[in-house]
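Trainee: Output the structure for:
(chains A, B, C and D)
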Protein chains: 2
Amino acid sequence: MAEDPRRPFDVFSGACPSREVLEHVTSRWGSLTLAALSPEPARFGELRRCVDGVSDKMLSQTLKALEADGLVERHVQSTLPPNVDYRLTPNGETVAAAVKQLILALYAVMPEVMESKAQSA
Amino acid sequence: MAEDPRRPFDVFSGACPSREVLEHVTSRWGSLTLAALSPEPARFGELRRCVDGVSDKMLSQTLKALEADGLVERHVQSTLPPNVDYRLTPNGETVAAAVKQLILALYAVMPEVMESKAQSA
DNA sequence: CAGAATCCAACCCGATACTG
DNA sequence: CAGTATCGGGTTGGATTCTG
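Mentor: Next up is the predicted model:
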């Protein structure tokens, strides 16, 4: 990737703010959470069930990071029982769409990837 | 998520092989390494300099994981000094292209993301 | 230059228990 | 249901040293 002085962000630089956001998006649960929220909002429990393996703590933590980045919005209705859902902001949709494309690209290559792994083992 | 024989892979399932590959690709240094290798092959030292902050150990470890997945190829020329370069396989190019699109999506939203972060602080 | 090996601190993250 | 608080083990991963 060539340097472009007109493009103010560069994930390859450790000091660039975009690096931190990339790490949120590509964190262990970040990409799955974003993908799970697109295109439909989801409640906390739905997300936990959808994203297999995530704990309450990590899901909460992941959602907070994405919320602070302005990619996810938290909607609270103070009913009983409490009704909270999470939805993507427009920016979140932009990023989630790219994440889903990455997952689709992965699916496309998985058959051959599994052959590679079988041989290297 | 139910099994669908027509779509054999599902990253949301913790047991699916695609989950592991996704974690390699979205690991701390995985996405940056893939992006740095597209479209030009690169040598070890070039990568280490390009991917700001990565250590020898982690770069080596990341490259090995991607190589075992069949996304990266290691080319050795036993000269002196040793000349080794890493290049993407066709499958690696497919995935790297998606990673680069994700990074571009990130750049597009970064200005507003930074505003969000400033306000939440 | 391209890595392997070792050591060890930091923190990630899961389990558990608890709250409104 | 939707989380928070605390604890502790296990892994991550950086620094350093060494080799071909």
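
Trainee: roughly how far apart are the closest residue to A:Leu71 other than its chain neighbours and DNA strand D?
Mentor: Once flanking residues are discounted, A:Leu71 sits nearest to A:Gly92: 3.7 Å by Cβ to Cβ, 6 or more residues apart in numbering or on different chains. C-beta: built from backbone N, CA, C; applies to glycine. Distance, A:Gly92 to DNA strand D, using Cβ to the nearest atom of the strand, to the nearest Å: 16 Å.

Trainee: burial measure for A:Gly92, as a count.
Mentor: 24 (other Cβ atoms under 10 Å in any protein chain shown).

Trainee: Show the contacting residues for it.
Mentor: By Cβ atoms under 8 Å, 6 or more residues apart in numbering or on different chains, A:Gly92 lies in contact with A:34, A:37-38, A:66, A:70-73.

Trainee: Counting neighbours, which of the residues you listed end up buried?
Mentor: Buried by 16 or more other Cβ atoms under 10 Å in any protein chain shown: A:34, A:37-38, A:66, A:70-72, out of the contacts of A:Gly92.

Trainee: Next, whichever residue of chain A sits closest to DNA strand D: phi, psi?
Mentor: Per Cβ to the nearest atom of the strand, A:Gly45 is where chain A lies closest to DNA strand D, at 3.0 Å. Dihedral pair for A:Gly45: phi -60, psi -40, per degrees, to the nearest 10.

Trainee: ok so, going back, what strand or helix carries the residue nearest to A:Leu71?
Mentor: Using DSSP states H and E, A:Gly92 maps to helix A:90-120.

Trainee: relative to helix B:90-120, how tilted is that helix?
Mentor: 150 degrees (axes from the mean of the first three to the mean of the last three Cα atoms, to 10 degrees).

Trainee: how about helix A:90-120, does it reach DNA strand C?
Mentor: No - Helix A:90-120 does not reach DNA strand C (Cβ under 7 Å from any atom of the strand); its nearest approach is 13.6 Å.

Trainee: Tell me how far the residue nearest in space to the middle of chain A lies from B:Ser13.
Mentor: For chain A, the residue nearest the mean C-alpha position is A:Ser31 (2.7 Å; Cα atoms, centre = their mean). To B:Ser13, A:Ser31 is 15 Å away according to Cβ to Cβ, to the nearest Å.

Trainee: Show me what from chain A comes close to DNA strand C.
Mentor: A:27-28, A:53-58, A:81-82.

Trainee: State the pLDDT value of A:Pro5.
Mentor: Note on A:Pro5: pLDDT of 51.

Trainee: If you rank the residues of chain A next to DNA strand C by neighbours, which is first?
Mentor: Of the residues of chain A next to DNA strand C, with other Cβ under 10 Å as the count, A:Val54 tops at 21 neighbours.

Trainee: What values do phi and psi take at that one?
Mentor: phi -80, psi 140.

Trainee: that older thread, not counting sequence-adjacent ones, nearest residue to the residue nearest to the centre of chain A?
Mentor: A:Val99 is the one closest to A:Ser31 (Cβ to Cβ, 6+ apart), at 5.0 Å.

Trainee: Was I right to think the one you found contacts A:Ala36?
Mentor: No - contact criterion Cβ atoms under 8 Å: A:Val99 and A:Ala36 do not qualify, at 10.1 Å.
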